[in-house]
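Novice: Return atomic coordinates for the entry below.
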Amino acid sequence: MSVPSHVPASDRSGGFTLIELLVVMGILSGFLLMLVQLVDAGLRMFRDGETSQVLADRAGRAQRVITEQLSLLRGSSTGRDRQRVDDRLVVQMLPIGLPPAPERGATRVQVLRGAIHLDPERELELLDRRLVARLLAEDPTLAGAELEAEVAKLRAAEALQGIGNLMLLPWRQPGDDALLELRCGWFLPGERFPAGPDRYVDPFDVIVPGEDDLPGMLVYEVTRPILSDLLHFEISMWAQGTTSWGDPLGPLHGGGSASLNDPQPVWDSARGGWLIDAASGGEFAYDVGPSSEHDPSDDIHPHAFLVRVVVAQAADATPEGILASFLGDQDHSLYLYDGTSFPGAADGGFVKIGGEWLRYAELDGDRLIGLQRGQRGTKALSHEAGSQVHVGRTIEFVVPVLHQKDDWNG
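Specialist: Residues are numbered from 1 along each chain as shown. Got it, this is the predicted structure:
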């Protein structure tokens with residue numbers, strides 16, 4: 001009904017038309033959308049920055065802890081005039097977890113055993129451990145203050161030597177096959193541990209850890225984690241013939257073999273025929289056979305270690321990638337739920353799913369294509385949809401070590 005023309009303009013209805021309401025609602029919706037996007041972008045930037053800082057902190061701590069341990073290693077301190085080998089360095093590539101019967105193609109990790117310098121506090125701790133074990137073996141009824149008094153009495157008669165042995169190896173971390181912990185054990189020279197009824201073993205007398213003489217569970221018991229939430233750990237050693245750090249993919253990429261011009265992925269300072277095949281932990285390029293095992297005049301040590309570590313982001317952080325569909329152990333491409341937010345490089349890199357490292361050639365939308373399976377010493381596996389695709393943060397650093405002599409001719 002039209003308003004009569006004689007009605008004053010001030011008495012007419014002042015409402016908005018439908019078109020005007022739609023325009024206003026559209027403008028408000030646009031502003032709200034922009035506001036939500038700005039807030040979301042800010043939260044994403046904050047979250048990414050926080051994750052980046054966590055990774056940087058973990059990477060820095062990993063470098064400090066590993067450098068501290070490797071810097072303790074000591075080379076041949078007296079040259080040719082020794083009568084026995086007492087400062088051996090052995091690095092082997094062995095099945096992870098040191099199982100007595102490893103599965104075919106099992107993931108392999110590097111296991112380091114070496115002579116080290118011990119600080120007085122650590123040596124006293126180890127000395128007390130050995131004295132307690134000795135006293136309890138003689139009299140199992142000792143306990144409390146009486147045991148402490150006997151330990152103190154024996155400790156007073158022991159002179160500190162400042163030397164010991166170190167074992168360092170990665171181990172699967174409970175709860176997530178992708179994560180590793182780095183375990184470390186410190187020992188007095190000649191220290192022995194029970195390996196069965198009336199049987200004791202020195203972890204540094206056994207050729208291959210994980211066999212009956214040194215079961216994997218005993219290794220686990222005599223070591224403790226010094227780092228956790230790692231995706232990868234590997235070392236390579238600069239030898240007398242090394243000319244560069246070699247393959248940028250790392251020593252585990254080549255399966256454990258190296259020429260004399262490359263850094264060595266395995267080592268035996270006594271060159272005593274321990275490392276002769278894959279079952280013993282690799283083939284040492286400088287080996288001269290069993291005659292060298294007890295000949296200290298030809299012991300050799302590396303100049304330095306190149307360490308590569310990949311640290312994982314926090315467990316409560318947004319996953320770096322999620323597998324969108326099942327991935328078989330022979331497949332050469334995978335689908336992510338959202339490739340646009342994937343932090344990996346578009347022109348290739350490494351990812352870890354479960355216990356397997358994969359190398360990809362290209363990020364194509366939501367796909368990683370050109371996959372090379374079972375990288376970095378791991379075994380190719382099948383993975384279910386929804387599995388987390390890890391990237392982590394990779395750091396590399398060099399740790400110089402005392403080596404005294406790296407050439408058996410001098």
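Novice: Show me the helices in the stretch 101-250 of the chain, by range?
Specialist: For the stretch 101-250 of the chain, the helices defined by DSSP state H, counting those that start in this stretch occupy 120-138, 144-156, 216-222.
Novice: again with the stretch 301-410 of the chain
Specialist: Under DSSP H, counting those that start in this stretch, the stretch 301-410 of the chain gives no helices.
Novice: Have a look at this structure and report its longest strand.
Specialist: Longest strand in the chain, counting residues (DSSP state E): strand 224-237.
Novice: Buried deepest among the helices of the stretch 101-250 of the chain, which one?
Specialist: Mean neighbour count (mean count of other Cβ atoms under 10 Å) peaks for helix 216-222 among the helices of the stretch 101-250 of the chain, with a mean of 17. No exception for glycine: its C-beta is placed from N, CA and C like everyone else's.
Novice: model confidence over it, on average?
Specialist: Mean pLDDT, computed over helix 216-222, is 94.
Novice: Then stretch 359-369?
Specialist: Mean pLDDT, stretch 359-369: 95.
Novice: where in the stretch 1-150 of the chain is pLDDT low?
Specialist: Per-residue confidence for the stretch 1-150 of the chain (pLDDT under 70) gives these ranges: 1-16, 36-51, 76-86.
Novice: Could you find the closest non-adjacent residue to L231?
Specialist: The shortest distance from L231 to any non-neighbouring residue, by Cβ to Cβ, 6 or more residues apart in numbering, is to V310 (4.1 Å).
Novice: Could you measure from the one you found over to L188?
Specialist: As judged by Cβ to Cβ, to the nearest Å, V310 and L188 stand 33 Å apart.
Novice: cool, and L135?
Specialist: From L135 to L188 the distance is 16 Å (Cβ to Cβ).
Novice: contacting residues for the most centrally placed residue in the chain?
Specialist: Nearest to the geometric centre of the chain sits F233, at 3.2 Å (Cα atoms, centre = their mean). Counting by Cβ atoms under 8 Å, 6 or more residues apart in numbering, F233 makes contact with V109, Q110, P170, L180, L182, V307, R308, V309, V310.
Novice: one more time with 10 Å
Specialist: 62, 66, 109-110, 168-170, 180-182, 227, 252, 307-311, 376 (Cβ atoms under 10 Å, 6 or more residues apart in numbering).
Novice: bridging residues for it?
Specialist: On the basis of DSSP bridges, F233 takes part in beta bridges with V309.
Novice: what do you get for the one 4 residues further on?
Specialist: Note on M237: beta-bridge partners Q264, F305, judged by DSSP bridges.
Novice: these two touch, right, it and H303?
Specialist: Yes: the pair M237 / H303 is scored as a contact, 8.0 Å apart, by Cβ atoms under 10 Å.
Novice: more crowded one of these two?
Specialist: M237 (24 against 17; other Cβ atoms under 10 Å).
Novice: re earlier: show me which of the contacts of F233 are buried.
Specialist: 62, 66, 109-110, 168-170, 180-182, 227, 252, 307-311, 376 (16 or more other Cβ atoms under 10 Å).
Novice: Return the subset of these lying in strands.
Specialist: Those of the buried ones among the contacts of F233 lying in strands (DSSP E): 109-110, 168-170, 180-182, 227, 307-311.
Novice: Between these, which sits nearest P400?
Specialist: V307 (11.7 Å; Cβ to Cβ).
Novice: Look up how far A345 lies from that closest one.
Specialist: From V307 to A345 the distance is 22 Å (Cβ to Cβ).
Novice: Would you map the strands across the stretch 251-400 of the chain?
Specialist: Taking DSSP state E, counting those that start in this stretch, the strands of the stretch 251-400 of the chain run over residues 267-268, 276-277, 282-283, 304-311, 333-335, 349-353, 356-360, 362-364, 367-369, 372-375, 393-400.
Novice: Just put these in a markdown table and tack on distance to R155.
Specialist: Output for these, formatted as a markdown table (distance: least, Cβ to Cβ, whole Å):
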| stretch | distance to R155 |
| --- | --- |
| strand 267-268 | 34 |
| strand 276-277 | 42 |
| strand 282-283 | 40 |
| strand 304-311 | 34 |
| strand 333-335 | 58 |
| strand 349-353 | 46 |
| strand 356-360 | 47 |
| strand 362-364 | 60 |
| strand 367-369 | 58 |
| strand 372-375 | 49 |
| strand 393-400 | 33 |
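Novice: Out of these, indicate the one that is most buried.
Specialist: strand 267-268 (a mean of 28).
Novice: Can you spell out which helices and strands pack onto it?
Specialist: With contacts defined as 3 or more Cβ pairs under 10 Å, 6 or more residues apart in numbering; DSSP states H and E, strand 267-268 has these neighbours: strand 89-95, strand 108-117, strand 224-237.
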